[in-house]
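Student: quick one: sequence and predicted model below, then my questions.
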Amino acid sequence: MADHDPELEAIRQRRVQELMGQRGGAASPQNAGQQKAQEDAKQEAEERRQMMLSQILSSEARERLSRIALVKPDKARGVEDVLLRAAQTGGISEKVSEERLISLLEQINSHTSKQTKDSEASQRP
């Protein structure tokens with residue numbers, strides 16, 4: 001009976017790996033390590049992004065942007081991208097106030113609605 005224990009253990013290990021693969025888990029320790037490294041890198045990049053935003057936005061503007069993100073995450077992400085690019089190129093010399101953020105949002109909305117109208121007009125026969 002003791003002779004079968006290593007064989008039985010090998011079968012169990014293979015079965016566990018199969019089940020993990022079916023659940024979307026990592027099939028090998030190397031894949032798990034790579035996946036964890038990627039997740040850590042994404043989290044670190046997001047933390048840097050949030051830190052930069054907190055440095056360029058007033059608390060009121062940050063709060064407004066986070067409320068927008070609850071409803072329209074894509075739009076909030078786009079606004080964040082615009083703000084970060086402006087900060088990196090020296091376009092922002094002081095913290096962005098809530099009023100300035102609202103103005104930026106209005107500009108983006110008018111630009112987006114103009115593009116939508118243009119594309120609708122080009123689709124008409």
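Tutor: Done, it's in. Residues are numbered from 1 along each chain as shown.

Student: give me the distance between E106 and V79.
Tutor: 11 Å (Cβ to Cβ, to the nearest Å). From N, CA and C alone the C-beta is placed, and that goes for glycine too.

Student: and G90, what does it touch?
Tutor: By Cβ atoms under 8 Å, 6 or more residues apart in numbering, the contact list for G90 is empty.

Student: check what pLDDT it gets.
Tutor: According to the prediction, G90 has pLDDT 91.

Student: could you do G25 as well?
Tutor: According to the prediction, G25 has pLDDT 52.

Student: re the thing from before, which of E106 and V79 has more neighbours?
Tutor: Taking other Cβ atoms under 10 Å, E106 and V79 do not tie; V79 has more neighbours (20 against 10).

Student: check which residues of the helix or strand hosting K36 are buried.
Tutor: Using DSSP states H and E, K36 maps to helix 29-56. Going by neighbour count (16 or more other Cβ atoms under 10 Å), the buried part of helix 29-56 is L53, I56.

Student: stretch 75-86 now?
Tutor: Under the neighbour-count criterion of 16+ other Cβ under 10 Å, stretch 75-86 has K75, A76, V79, E80, L83 buried.

Student: please flag which of these sit within helices.
Tutor: K75, A76, V79, E80, L83 (DSSP state H).

Student: how close does the residue positioned nearest the centre of the chain get to S113?
Tutor: The residue lying closest to the centre of the chain (Cα atoms, centre = their mean) is E46, at 7.0 Å. Distance, E46 to S113, by Cβ to Cβ: 30 Å.

Student: and for R85?
Tutor: 22 Å.

Student: and V79, by the same measure?
Tutor: Taken as Cβ to Cβ, the span from V79 to S113 is 16 Å.

Student: now do V82
Tutor: 17 Å.

Student: same check, this time on M51
Tutor: Counting by Cβ to Cβ - M51 and S113 are separated by 33 Å.
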